[in-house]
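Engineer: The sequence and its predicted three-dimensional model are supplied below.
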Amino acid sequence: MDVGGFSIGEWLLLLAVLFVAVGPRRLPEVGRAIGQGIRSFQRALNEARDAMGRPDQPPPPPPAKPKSLLD
């Protein structure tokens, strides 16, 4: 079974390395900081998408039709 493109064994190995590198006391703190960083990134990405979807300036008017050469 794959979760996010990783197998269960890979997730366990990743968690074990993280546990050893950070330590058991700081693991919740690091997880919380990572979660806040991801949420902040997603919020900024959504704001950028909204800004691109709704430009501040209205679109320019279409060009006027040229007069015919016969007039």
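Structural biologist: Thanks, I have the structure now.
Engineer: What backbone torsions are found at the residue nearest the centre of the chain?
Structural biologist: Centroid check for the chain by Cα atoms, centre = their mean gives residue 42 as the closest residue, at 4.1 Å. Backbone geometry at residue 42, expressed as degrees, to the nearest 10, gives phi -60, psi -40.
Engineer: separation between it and residue 4?
Structural biologist: Using Cβ to Cβ, to the nearest Å, we find residue 42 at a distance of 16 Å from residue 4. (C-beta placed from N, C-alpha, C; glycine too.)
Engineer: before we move on, what about residue 62?
Structural biologist: From residue 62 to residue 4 the distance is 47 Å (Cβ to Cβ).
Engineer: where do the helices sit along the protein?
Structural biologist: 8-22, 27-53 (DSSP state H).
Engineer: wait, which of these is closest to residue 68?
Structural biologist: Evaluated over these, closeness to residue 68 peaks at helix 27-53, with 38.8 Å, by Cβ to Cβ.
Engineer: what pLDDT, on average, does that closest one get?
Structural biologist: Averaged across helix 27-53, the pLDDT comes to 88.
Engineer: quick one, that helix and helix 8-22 angle?
Structural biologist: 110 degrees (axes from the mean of the first three to the mean of the last three Cα atoms, to 10 degrees).
Engineer: Which strands or helices does helix 27-53 pack on?
Structural biologist: helix 8-22 (3 or more Cβ pairs under 8 Å, 6 or more residues apart in numbering; DSSP states H and E).
Engineer: what about 7 Å?
Structural biologist: The helices and strands touching helix 27-53, judged by 3 or more Cβ pairs under 7 Å, 6 or more residues apart in numbering; DSSP states H and E, number zero.
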